[in-house]
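Participant: Provide a 3D model corresponding to the input given below.
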Amino acid sequence: MKHLLVLACVVALIGLYVMLNPPDDPAKHPPRLIEIKLGQSVLDFMATNELKEGSGELGEFTIPIEKTDDQMPIFFTDVWVAVRYKDGDFSLDLPPGRMLAIGQSGGIITNFDMKLYEQPHPFVEADKTARSFIDKLLKAGWRKETLFYPENELDSNYTGNAKAYAALVSGSGNKLNYILLDVSQTPAFDPNIPGSAPTTPSDPTPRFLPQLQIWAPEKLRETRDDFVNARRFAASGQKKRLGLRVWLDDPNWTPEKLGMKQIDIPNRNFNPQKPWLGKETVKRWQMPDGSTEP
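Facilitator: Sure thing, here's the model as predicted:
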């Protein structure tokens, strides 16, 4: 009983210490600069930003290569990060944020996604910031694909009261999406972001946080996906996922080096009554011995 009492006292003291000394907020320090160029290899990305392999845990700028497959994003979460986006005359130094996801396909960066700013804000303030950011890009030469400026916090063109403000295209064909998320609603609610909390009777004001996405042109993304499928088929005869390590060890792999080629085969799911759902034929990889990707 005495030992249990001592243990209870220790646990209570630890809890009190945590309450009085909460984890250090990353946003209280200068942000870590991360430079991103779509189409670059993960190896070059790591070298440019002096990133090491590691566990990839919350608050870390490490990359868990052994736990990452050939199309899995690389996440930096519960951090304070400022992205320098490299795109010639359309390069941007983005405001810092607490989450960054780097999309890659076969070891080549195809997109990234981040939540901007330290914390969410009421709609009027968040809307003003969104419009100012987008207007600057339009003046800098970004081409408008879609543009939506809501009339109020309930006006939405998306799901879950998210608002897709803009889809803009740079001179290189990269596409930028700017979305305002209501982080007082599920699924946008994120417990890792201070101020992201459901509304209550005592605090009924919804709060919004910008989500910014930049995607490489569809041609690059499709080519990388084709290479990933080809390498999976060459490795196992199936579409079994491979680890990112495979691409880092041999980043210049191509299906042509193995004598592979793409052929058209009948699409088993083709419906002539609904041709808009899919083409009559689909492309599959074929090995020199005639074996064909399932």
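
Participant: from what I can see residue 259 touches residue 288, true?
Facilitator: Yes: between residue 259 and residue 288 a contact is recorded at 4.2 Å, counting by C-beta atoms under 8 Å. Where you see a C-beta, it was placed from the backbone N, CA and C, and this is true even at glycine.

Participant: buried ones in stretch 198-218?
Facilitator: 206-217 (16 or more other C-beta atoms under 10 Å).

Participant: and it, average pLDDT?
Facilitator: With pLDDT averaged residue by residue, stretch 198-218 scores 86.

Participant: How far does that stretch stretch from one end to the other?
Facilitator: Taking C-alpha to C-alpha, to the nearest Å, stretch 198-218 runs 37 Å from one end to the other.

Participant: roughly how far is it from the heart of the chain?
Facilitator: 15 Å (C-alpha atoms, centre = their mean, to the nearest Å).

Participant: try stretch 210-229
Facilitator: In terms of C-alpha atoms, centre = their mean, the centre of stretch 210-229 is found 11 Å from the chain centre.

Participant: show me where the stretch 151-294 of the chain has helices.
Facilitator: Taking DSSP state H, counting those that start in this stretch as the test, the helices found in the stretch 151-294 of the chain are 218-236, 244-249.

Participant: Let me know which of these is the nearest to residue 157.
Facilitator: Ranking those by proximity to residue 157 (C-beta to C-beta) places helix 218-236 first, at 22.3 Å.

Participant: could you say what helices and strands the closest one packs with?
Facilitator: For helix 218-236, the packing partners by 3 or more C-beta pairs under 8 Å, 6 or more residues apart in numbering; DSSP states H and E come out as strand 97-105, strand 108-116, helix 244-249, strand 281-286.

Participant: count of neighbours near residue 56?
Facilitator: 18 (other C-beta atoms under 10 Å).

Participant: Show me which strand runs longest in the chain.
Facilitator: If each strand of the chain is counted by residues according to DSSP state E, the longest one is strand 74-85.

Participant: So which other helices or strands are in contact with that one?
Facilitator: Secondary elements touching strand 74-85 (3+ C-beta pairs under 8 Å, 6+ apart): strand 32-36, strand 92-93, strand 97-105, strand 108-116.

Participant: The last one to helix 218-236, inter-axis angle?
Facilitator: This points to strand 108-116. Interaxial angle, strand 108-116 versus helix 218-236 (axes from the mean of the first three to the mean of the last three C-alpha atoms, to 10 degrees): 120 degrees.

Participant: can you pull the buried residues of strand 108-116?
Facilitator: Neighbour-count burial for strand 108-116, counted by 16+ other C-beta under 10 Å, picks out 108-116.
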